[in-house]
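Engineer: Pasting a predicted model and its sequence here:
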Number of protein chains: 2
Amino acid sequence: MAAKRVKLLDVAKAAGVSQGTASNAFGKPDLVRSEVRDRIFAAAKDLGYRGPHVMARMLRTGKAGALGVVFPDNLEYAFSDPVAIELLRGIGRECARHGINVMIISAENPQQAIAAVNNAAVDAFLVHCYSDNNDIISAIQRRNQPLISIDTDIAGAAGTVLLDDHAAAKTAGAHLLDCGARKFAILSLQATEHDHFGPMNANRVGAASHRVVRERMAGYHDALQSAGIAPTDIIHVECDNHSEHSAKMTVEMLVQHPEIDGILAMSDVIAIGALDAARELGRKVPDDLKVIGIDGIVAGERTDPPLSSVRQDSVEKGRLAAEMALGEDTGRTIILETGLLVRGSTKVV
Amino acid sequence: MAAKRVKLLDVAKAAGVSQGTASNAFGKPDLVRSEVRDRIFAAAKDLGYRGPHVMARMLRTGKAGALGVVFPDNLEYAFSDPVAIELLRGIGRECARHGINVMIISAENPQQAIAAVNNAAVDAFLVHCYSDNNDIISAIQRRNQPLISIDTDIAGAAGTVLLDDHAAAKTAGAHLLDCGARKFAILSLQATEHDHFGPMNANRVGAASHRVVRERMAGYHDALQSAGIAPTDIIHVECDNHSEHSAKMTVEMLVQHPEIDGILAMSDVIAIGALDAARELGRKVPDDLKVIGIDGIVAGERTDPPLSSVRQDSVEKGRLAAEMALGEDTGRTIILETGLLVRGSTKVV
DNA sequence: TTGAAAGCGCTACCAG
DNA sequence: CTGGTAGCGCTTTCAA
């Protein structure tokens, strides 16, 4: 029951060596003659010593052996969004390579999240967020440890990993035009820190503070503009990043604007909801209505019809972020490639 | 750049109080007169003090403020299996309620995993595994901290959360019988520490050391036995828990045993692969062939046809495990309910 | 309320 | 290679 009792000094005494040597036997075995080492291990086993105390070692060395991962925009996001999970998979893989654990900063609300950040024994932080004006991010910065930002630019970050979101969205828009769509709707991710789900007016569209939303919006508009379609000709709807919610929004939208024949969704999760909505309304995809997402999640292979998308490699994104956090060179920004993924929701294949 | 420079003592001196009082100002504000407290905070801000040093606090208090989660059977499992992710969601939710972070123990191989366990500053471990004879588990036990086991019985655990796997499988078997299936295949999860994927002979079936496999197997056999179907009349195939793999196994199996009209899969992931295989071979589900999984994952709603299953509440399973780890009462075993989920893969609905 | 001082257990340094 | 020892930064007695 009792916590850790016997300590290194006890072992050292029992083995007739100094504490320093005992420490080396565990931490740097090569520095200790094998004969002495065996004696130390024997004494340790004898006394029931469980190995160096983790927290004491941390304090002494200043290394936590863990990377903190934070999702300031949505604290439940880590284990609910498929893209976040791919990100974590990449992070986990790279951390494993380095013998480092992954700490998920978990909290119920932003205030708790700040405390969670302050209590986390980690060597660096990986932050996935949509914008950088955020108390949680400030709290992380105050810790003065390397901070890698994913999908946003954070001033002073030790590294940044991003997509070319503008290009990705432009690709999606161009593809729908190619497929013959002419009357468009954009299903946007949440545009600012405060949600305003539902139809977006021009003000709201312009107010997007989330970098990802701003860039993708501009990319869509760019693509459509080149076909003579102005932003004011486009229906904009802000959706929560859940298929159920986007399905509901899409139903309302399609009822009110039955002329829409092309839906540009800022995430595959949102796009999948749009497909559900289309099915519910009896709209034929891709004949009547074309739908394309962004992300290229695996679930998109199994939808009915399979979802076209602009894929990104989220696993690699996470891996790179972790690599930067664990590496030396600082201040770099990596921009990942994206690519068109044509499936049944835009074209009969 | 430099690490944390100014320390509590500096702040205390600057504010003209003792270190103890300064500590209290941060940790137990109520014990310090507000006037003094303000002076301390002012000094802190002045000197650029960033708040108590996490590792030092840990060493002193012995609390890590984090729960460790380990998947000894498959270290990549955490971020790839949908059931594991639900588990993590539940764990994350409960930890958030308690202001505790979640540490995922990550490693590339079992040996590294032992090091990862030993380096993890956590207050307790949550272990999801199929069987308990495992070096990683021994390493965790050596840490002498509360250990909650999920889906297996581990001797000496501070708590255990399980399903009634026997009943769950029996339910699945009985349902397929109800639906008219008469010639069965069981797609098993990996049965022992060492994989042996492919057709299982009676020896292999009997050798299952993984508790979940043993129980589910017995449950299936039980159900079918009552219809006069002996275990020897059943085709058994051991599958990796990936749809691609189970699809391949299922194709081979159905080619060799075209008479099969009922597939009992030990997980939904495996069952989804079986559906893919059936489609590939042009078998009509559910008319020609009925398929049922276990788990009730969300993805099963979107397969073609939607997947019948015996659902479990994995989120709640994780939440309960975390609750036990964070709570006081020790040694309990919780057995969660399961329930039949009828969808299109067994019955025209 | 506040102050003084004792460690938490270890690793890294320096001397031999 | 090995021994001695300082000190990582904090919280928490215990006394005043």
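Structural biologist: All right, it came through fine.

Engineer: Residue ranges in the stretch 1-150 of chain A under the pLDDT threshold?
Structural biologist: The model of the stretch 1-150 of chain A has pLDDT under 70 over residues A:1-4.

Engineer: Could you pull out the helices in it for me?
Structural biologist: Residue ranges of the helices in the stretch 1-150 of chain A, as given by DSSP state H, counting those that start in this stretch, are A:8-15, A:19-27, A:34-47, A:54-61, A:82-98, A:110-119, A:135-142.

Engineer: is any part of the longest one close to chain B?
Structural biologist: Yes - using CB under 8 Å from any CB of the partner chain as the criterion, contacts between helix A:82-98 and chain B involve A:85-86, A:88-89, A:92-93, A:95-97. For the C-beta atoms, the positions are set from N, CA and C on the backbone; glycine is no exception.

Engineer: With the first one instead?
Structural biologist: No - between helix A:8-15 and chain B, judged by CB under 8 Å from any CB, nothing touches; the nearest distance is 13.9 Å.

Engineer: do stretch A:154-173 as well
Structural biologist: No - judged by CB under 8 Å from any CB, stretch A:154-173 makes no contact with chain B; its nearest approach is 10.7 Å.

Engineer: Now find how far off-centre that stretch is within its chain.
Structural biologist: Taking the mean of its C-alpha atoms, stretch A:154-173 sits 13 Å from the chain's own mean (CA atoms, centre = their mean, to the nearest Å).

Engineer: Spell out which parts of the stretch 51-200 of chain A neighbour DNA strand D.
Structural biologist: A:56, A:59-60 (CB under 7 Å from any atom of the strand).

Engineer: make it 10 Å
Structural biologist: A:55-62 (CB under 10 Å from any atom of the strand).

Engineer: Looking at the residues of helix A:82-98 next to chain B, which is nearest DNA strand C?
Structural biologist: Proximity of those to DNA strand C was ranked by CB to the nearest atom of the strand; the top entry is A:Cys95 with 20.7 Å.

Engineer: What is the neighbour count of that closest one?
Structural biologist: 30 (other CB atoms under 10 Å in any protein chain shown).

Engineer: same deal with the one 10 residues further on?
Structural biologist: Counted with other CB under 10 Å, residues neighbouring A:Ile105 total 30.

Engineer: thinking again about what came up before, any chance of a ChimeraX selection covering the buried ones in the residues of the stretch 51-200 of chain A next to DNA strand D?
Structural biologist: Remark: buried members of these, expressed as a ChimeraX selection using 16 or more other CB atoms under 10 Å in any protein chain shown:
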select /A:55,57,58,59
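
Engineer: Now do the domain split for chain A, please.
Structural biologist: Per automatic domain parsing, the domain ranges recorded for chain A read A:8-52, A:66-163, A:165-312.

Engineer: Kindly check the end-to-end length of the shortest one for me.
Structural biologist: The distance separating the two terminal residues of domain A:8-52, taken as CA to CA, to the nearest Å, comes to 7 Å.

Engineer: any chance of the residues of the stretch 51-200 of chain A next to DNA strand D in TSV, plus distance to B:Val269?
Structural biologist: Below are these laid out as TSV (distance: CB to CB, whole Å):
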residue	distance to B:Val269
A:Met55	38
A:Ala56	42
A:Arg57	39
A:Met58	38
A:Leu59	43
A:Arg60	44
A:Thr61	41
A:Gly62	42
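
Engineer: ok so, going back, need the helices of the stretch 1-150 of chain A in a markdown table with distance to DNA strand C, can you?
Structural biologist: Output for these, formatted as a markdown table (distance: least, CB to the nearest atom of the strand, whole Å):
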| stretch | distance to DNA strand C |
| --- | --- |
| helix A:8-15 | 3 |
| helix A:19-27 | 3 |
| helix A:34-47 | 10 |
| helix A:54-61 | 3 |
| helix A:82-98 | 17 |
| helix A:110-119 | 17 |
| helix A:135-142 | 24 |
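
Engineer: Mind checking those helices for the one nearest to B:Ala191?
Structural biologist: helix A:82-98 (25.9 Å; CB to CB).

Engineer: Could you check the angle the closest one makes with helix B:110-119?
Structural biologist: Put simply, helix A:82-98 runs at 100 degrees to helix B:110-119, going by axes from the mean of the first three to the mean of the last three CA atoms, to 10 degrees.

Engineer: counting contacts, what elements does helix A:82-98 pack onto?
Structural biologist: Helix A:82-98 sits against strand A:66-70, strand A:101-104, strand A:124-128, helix A:268-281, helix A:314-326, with contacts defined as 3 or more CB pairs under 8 Å, 6 or more residues apart in numbering or on different chains; DSSP states H and E.

Engineer: ok and that helix relative to helix A:314-326, angle-wise?
Structural biologist: 40 degrees.

Engineer: tell me the angle helix A:82-98 makes with helix A:268-281.
Structural biologist: 150 degrees.

Engineer: Save the residues of helix A:82-98 next to chain B as JSON lines, and put in distance to A:Phe41 too.
Structural biologist: As requested, these are arranged in JSON lines below (distance: CB to CB, whole Å):
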{"residue": "A:Ile85", "distance to A:Phe41": "41"}
{"residue": "A:Glu86", "distance to A:Phe41": "43"}
{"residue": "A:Leu88", "distance to A:Phe41": "37"}
{"residue": "A:Arg89", "distance to A:Phe41": "37"}
{"residue": "A:Gly92", "distance to A:Phe41": "32"}
{"residue": "A:Arg93", "distance to A:Phe41": "33"}
{"residue": "A:Cys95", "distance to A:Phe41": "29"}
{"residue": "A:Ala96", "distance to A:Phe41": "27"}
{"residue": "A:Arg97", "distance to A:Phe41": "29"}
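
Engineer: Next, the contact list for A:Glu244, please.
Structural biologist: Residues in contact with A:Glu244 (CB atoms under 8 Å, 6 or more residues apart in numbering or on different chains) are A:Gly273.

Engineer: For the helix or strand where it lies, buried residues please.
Structural biologist: Element membership for A:Glu244 (DSSP states H and E) is helix A:243-256. For helix A:243-256, a neighbour-count test (16+ other CB under 10 Å) marks A:243, A:246-251, A:253-254 as buried.
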